[in-house]
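[1] Next come a sequence and a model predicted from it.
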Amino acid sequence: MIIINNYGKLIVKSNKYLIGDHLGGFDQNLHSTVLDQVISLAIDNNIGSIYTAYVFPDNFKIKNIKFKYLERLIGGNGWEDLRNYNIHPEIEYKNFICSFNGSDHVSRQLLSSILNNQGHFNPKYSSKNFAYDNDWVTSHLENLNLTDIEIQLYSRFFVNNDEFNSSVYSFGHVQYDHKNNIYNLEDKLTGSFLHIVSESMATSYYPFVTEKFLYSIVTRGLFLAYAHPGWHAHIEKYYGFKLYNTIFDYSFDTIKNPVKRLIRLIETVSKFSTLSVDDWKDLYHMEQDNIEYNYDHYFSGRYKEHLAQFE
């Protein structure tokens, strides 16, 4: 076993390498320092296959090395554990958005900040397991490929009062304990019109799909993700889940820059905040066929068959 930076352990098995987690993400040129190291080791040691938690295009190959997806390398057993949860509370809207932000990664600081700035963060339904200040949050913008003018403009969407910034809002989340976490979150999910999934390392530039959106799938809820560019198209193409195209505009999904993508996402959903509960229910029913399809697609395991086409 070889430790690769702080992002995972490289496991050597016969003629293949297995490397877990998000590999530190991918930059805007779609390079990963961690993956580069693994590839270099594979070439030196005549390794023919590298297994990761990423689904790469089926023609993705470097120096005759094949890249393959392995679900368990994501971390934890969320994709399997949540299959044991099959009865959820009734959908009864009391809240607009829920979002669960565990670690203090840059993208989660940005997401929780803009949600509160725009009046969408309800601490009874959304978590923020960390504290920070405005200077710390807006300083992130300087490292996310924005011009000085863009930084001046966009920083206004992330500023909040000291009380919010210094507060920690938690629901007893334990990392990877999906069997119990779902019961801590089920009322938040079924009581909210929309779950904004806070995907791992959303400032990366290549889709990394964890179990987080499945919390909405198993509770038959609507979700959008603050994730990587193309993430929604990715779960549709490679995993076979259906998007909620009737009510949501997914154009934000094509925006490369993580800050601009987040702002467009919030613009996309904010218009729903002024609607009545009855309106939310009507919109939900417009997507109910797709919601039921996704529920069955997960619990039946058909997503695995869909993925197999690309292995």
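    Now that the structure is in, tell me what you want to look at. Quick caveat: nothing in here was measured; it's all calculated off a predicted structure.
[2] I151 contacts N143, correct?
    No - using C-beta atoms under 8 Å, I151 is not in contact with N143; the gap is 10.3 Å. In short, each C-beta sits where N, CA and C put it, glycine included.
[3] quick one, which of the two is more surrounded?
    I151 (15 against 9; other C-beta atoms under 10 Å).
[4] mind listing what that one touches?
    138, 141-142 (C-beta atoms under 8 Å, 6 or more residues apart in numbering).
[5] Out of these, show me where the pLDDT dips lowest.
    Scanning the contacts of I151 for pLDDT, the low point is T138. It has 91.
[6] tell me, how many neighbours does it end up with?
    T138 has 19 nearby residues by other C-beta under 10 Å.
[7] What sits closest to it if chain neighbours are left out?
    Of all residues not flanking T138 in the chain, S155 sits nearest, at 4.3 Å (C-beta to C-beta, 6 or more residues apart in numbering).
[8] Could you point out the longest strand of the chain?
    strand 192-198 (DSSP state E).
[9] Show the average pLDDT along the following helix or strand past that one.
    Next helix or strand after strand 192-198 toward the C-terminus (DSSP states H and E): helix 214-218. Averaging pLDDT along helix 214-218 gives 98.
[10] contact partners of the helix or strand just after helix 214-218?
    Next helix or strand after helix 214-218 toward the C-terminus (DSSP H and E): strand 223-226. Contact partners of strand 223-226, identified using C-beta under 8 Å, 6+ apart, comprise 107, 111, 194-199, 202, 212-213, 216-217, 231-232, 248, 261-262, 265, 268-269.
[11] Please identify the pairing partners of strand 223-226 and their relative orientation?
    strand 192-198 (parallel) (DSSP bridges).
[12] tell me which of the contacts of I151 is nearest to N294?
    Nearest to N294, judged by C-beta to C-beta, of those is L141 at 34.1 Å.
[13] Skipping adjacent residues, who's closest to that closest one in space?
    L141 sits nearest to I151 (C-beta to C-beta, 6+ apart), 4.8 Å away.
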